[in-house]
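Colleague: Need coordinates for the below:
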Amino acid sequence: MAKIYKKWLPSLIILWLFIGLLAGCASPAQSVNSNTNQVQTSNEGQVGKEAEKAADEQPTSTSASETAEATQLPSEDKDQDNAKATDNAGGKQATPSPKPKQSNEPKLDDPKTKPTASAKPTKTDSAATAKPVTPVATPNPVQTVTISIVADKDTGTVLAPTAVEFKKDDTVLDVLKKITRKNKIQMEYRGVKGGAYIEGIDNIYEFDLGAKSGWMYRVNGEFPNKGAGVYKVNEGDVIEWLYTTDLGEDIGAKFDE
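Modeller: I've put the predicted structure just below:
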């Protein structure tokens, strides 16, 4: 045993020293790990405090950013989106455009500021409300006849051929009265309608130049066989009053016997 003890004693001592050396190395490493854990724990505590502090301050900044976004005009979002889309397409970083100053003027597209729509006028039936159109009476065209007065050979023409307007149903006598009054020529007659008889014109009377003298009328070159008070004139008629000294034979009047 003594020999064995002496033989392994140096080896045991070396093994013992080696174990002690390992134990010494492990202790500082554990100390370092412990210190590291303490530093990490203190750092985590400080970070937690800072996180809590930041969490307390975050609502204010968030509300401020929300207020800024709420007051931002819709056109800004469109402009920024367009700018981002353009920069992303070119591969460049978008540069934020400066925010316009907030205006107190009401927005045109704000439904609160839109003018109230006025009530539309009620449609009415134009046919029912249209006033009746009064037909305008077109004036009848002016109708005229031509009249002349010729006395005996010594007196000659009393009235040269003159146009005279007449109305519907006017007679030769009506035209004679109108023209003599207008030209202030003396004229006298008796009777009415079919019994009307011209006694004198321009102070030249029947029987002034004999028993067969007197006034006769001719229309369109013919001597009508009716009184001047019933002979109705027509447009364009040519009326001649002639003084005869021989019952019309001297002026071309012929009557059937």
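Colleague: what ranges of the stretch 1-150 of the chain fall below the confidence cut-off?
Modeller: 1-7, 24-130, 137, 139 (pLDDT under 70).
Colleague: surely residue 176 meets residue 187?
Modeller: Yes: applying CB atoms under 8 Å as the test, residue 176 and residue 187 come out as touching, 6.7 Å apart. Where you see a C-beta, it was placed from the backbone N, CA and C, and this is true even at glycine.
Colleague: Could you tell me which residues touch both of these two?
Modeller: When contacts are counted by CB atoms under 8 Å, 6 or more residues apart in numbering, residue 176 and residue 187 are jointly contacted by residue 198.
Colleague: can you pull the pLDDT of the closest residue in space to residue 240 that isn't next to it in sequence?
Modeller: Excluding its sequence neighbours, the residue lying closest to residue 240 (CB to CB, 6 or more residues apart in numbering) is residue 218, at 4.5 Å. If you check residue 218, the pLDDT there is 97.
Colleague: quick one, which of residue 176 and residue 187 is more surrounded?
Modeller: Neighbours were counted for residue 176 and for residue 187 using other CB atoms under 10 Å; residue 176 has more, 25 against 20.
Colleague: In the chain, which strand is the longest?
Modeller: Longest strand of the chain, by residue count under DSSP state E: strand 157-165.
Colleague: buried residues in that one?
Modeller: 158-159, 164 (16 or more other CB atoms under 10 Å).
Colleague: Walk me through which strands it pairs with, and which way each runs.
Modeller: Each strand paired with strand 157-165, and its direction, by DSSP bridges: strand 144-150 (antiparallel).
Colleague: Enumerate the positions of the strand it pairs with that are buried.
Modeller: Counting neighbours by 16+ other CB under 10 Å, strand 144-150 gives 144-145, 147-150 as buried.
Colleague: all helices for the stretch 151-257 of the chain, in order.
Modeller: Secondary structure of the stretch 151-257 of the chain, counting by DSSP state H, counting those that start in this stretch: helices at 172-182.
Colleague: Looks like residue 223 contacts residue 253 (just checking).
Modeller: Yes: contact status for residue 223 versus residue 253: in contact at 4.6 Å, counting by CB under 8 Å.
Colleague: intersection of neighbour lists for the two?
Modeller: residue 216.
Colleague: Next, give phi and psi for residue 210.
Modeller: phi 130, psi 170 (degrees, to the nearest 10).
Colleague: just checking, it touches residue 243?
Modeller: No: the criterion here is CB under 8 Å, and residue 210 misses it with residue 243 at 11.3 Å.
Colleague: higher neighbour count, these two?
Modeller: It is residue 243, of residue 210 and residue 243, that has more neighbours when counted by other CB under 10 Å, with 25 against 12.
Colleague: For the more buried one, list each beta-bridge partner.
Modeller: Here residue 243, judged by DSSP bridges, has bridge partners residue 215.
Colleague: number of nearby residues for residue 175?
Modeller: Per other CB under 10 Å, the neighbour tally for residue 175 reads 22.
Colleague: swap that for residue 168, sorry
Modeller: 8.
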